[in-house]
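**Student:** What follows is a predicted protein model with its sequence.
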Amino acid sequence: MAESFGNAFTVVEVTADDTETQIWIALAKPGQALTLVLAAASEGSTAEVLNVALTPKQQKMFEDLNLQPGDVYKLDG
C-alpha cells in the first residue's frame, strides 16, 4: 500500500555543513518532508520544519511549481 504524502506544502530550513542556510518546500506531511528534503540536500546537512503560515501569494507561487506529492524544491536565496 502506497504511503500518502498529503497535499499541503511544508517549509523546511536546511543547514549545510558550511553553515549556509537554505529554504526548501516539500509537498508532504512535516515528518515526511524532513526525510525527503534531507535525501535531496547535500550530505551532512541538518533540517528543521518551519511552522509558518503561507501567504496567498506564496501558496500560489508554490502551486505554480506543479509539484507532485513527495516532491521537494529548493528556493533560490
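**Tutor:** Now that the structure is in, tell me what you want to look at.
**Student:** Just the pLDDT for G77.
**Tutor:** According to the predicted model, the pLDDT of G77 comes to 64.
**Student:** E13 pairs with what?
**Tutor:** For E13, the beta-bridge partners are I23, E48 (DSSP bridges).
**Student:** residue contacts, it?
**Tutor:** Neighbour list for E13: 21-24, 47-48, 50 [criterion: Cβ atoms under 8 Å, 6 or more residues apart in numbering]. Just so you know, the C-beta spots here come from the backbone N, C-alpha and C atoms, and that holds for glycine as well.
**Student:** so which of the residues you listed is the most crowded?
**Tutor:** Using other Cβ atoms under 10 Å as the neighbour test, the contacts of E13 are led by W24, with 23 neighbours.
**Student:** wouldn't that one be in contact with K74 here?
**Tutor:** Yes. Contact status for W24 versus K74: in contact at 5.1 Å, counting by Cβ atoms under 8 Å.
**Student:** overlap in contacts of the two?
**Tutor:** Shared contacts of W24 and K74, defined by Cβ under 8 Å, 6+ apart, are found at 14, 40-41.
**Student:** of those residues, closest to Q68?
**Tutor:** Closest to Q68 out of the shared contacts of W24 and K74 is A40 (14.1 Å), distances taken as Cβ to Cβ.
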